[in-house]
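Novice: Sequence first, then the predicted structure, then my questions.
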Amino acid sequence: GGAIAFSPTYGNLIVNGSFETPVTTSYSYYDEDKCSWTLSPSTGTTPGIQKNGGAYSSNQGAYQTPYGNQTLYLRVGTTASQTVKVPVAGDYQLVFFQSYRNNYRAPGLQVSVNGNTVLDLAGLTCERDFTEVKVNVTLVKGDNTITFAGVTSPNEQTYSNLFVDNISLIPSVAVTSLSE
């Protein structure tokens, strides 16, 4: 006979995926010491955290996020990355919600894991509402780096922002048959 074993259940491996810390009063630029993410600027532009009702989410901002009070914002050439410790190698699901600044065409979004692109939304036509995006990824045991990057898109325009929120990284359910 045999037994069926389910893969261990781990919670969300992303830290501060809702960008609720540090608290900001409008929009601010932060480094990894303050928000658990490494935010990398590009010439003349910087990524950061913005809040509901702030400069980027007022009449010309994104719809207010329903996943807390703050979001990540990216522009072309900027990135936000986080290295996560994965307890078991295997298949995981990266889930996040994205939107863009009202009255502006959005930059594209590229997501990579350990330097390999897993999602490329260069021709992004996202809704102003926050929409869910899911991507399956295979991770190694130990450190894995997840990166969100604002990339050039035919849709983009100056001062356009892409908003990302409620990021989670959870294991996919796997079933393995064991023999005795």
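Specialist: Nice, thanks for sending it over.

Novice: what about the helices in the protein?
Specialist: 32-35 (DSSP state H).

Novice: In it, where is pLDDT below threshold?
Specialist: 1-10, 29-33, 54-63, 102-106, 122-128, 153-159, 173-180 (pLDDT under 70).

Novice: do that again at 90, thanks
Specialist: Applying pLDDT under 90 to the chain flags the ranges 1-11, 21-36, 39-67, 71, 73-78, 98-109, 120-131, 150-163, 172-180.

Novice: And the strands in it?
Specialist: With strands called from DSSP state E, the chain shows them at 2-6, 27-28, 38-40, 48-51, 70-74, 79-86, 90-100, 108-113, 116-121, 131-139, 142-151, 162-171, 175-179.

Novice: what lines up beside the second one in the sheet?
Specialist: In other words, strand 27-28. Sheet pairing of strand 27-28 (DSSP bridges) gives strand 48-51 (antiparallel).

Novice: Save the strands of the chain as JSON lines, and put in distance to residue 64 too.
Specialist: Yep, even glycine has a C-beta here, placed from its N, CA and C like the rest. Formatted as JSON lines, the strands of the chain follow (distance: least, CB to CB, whole Å):
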{"stretch": "strand 2-6", "distance to residue 64": "38"}
{"stretch": "strand 27-28", "distance to residue 64": "14"}
{"stretch": "strand 38-40", "distance to residue 64": "22"}
{"stretch": "strand 48-51", "distance to residue 64": "9"}
{"stretch": "strand 70-74", "distance to residue 64": "9"}
{"stretch": "strand 79-86", "distance to residue 64": "20"}
{"stretch": "strand 90-100", "distance to residue 64": "10"}
{"stretch": "strand 108-113", "distance to residue 64": "20"}
{"stretch": "strand 116-121", "distance to residue 64": "22"}
{"stretch": "strand 131-139", "distance to residue 64": "14"}
{"stretch": "strand 142-151", "distance to residue 64": "20"}
{"stretch": "strand 162-171", "distance to residue 64": "10"}
{"stretch": "strand 175-179", "distance to residue 64": "40"}
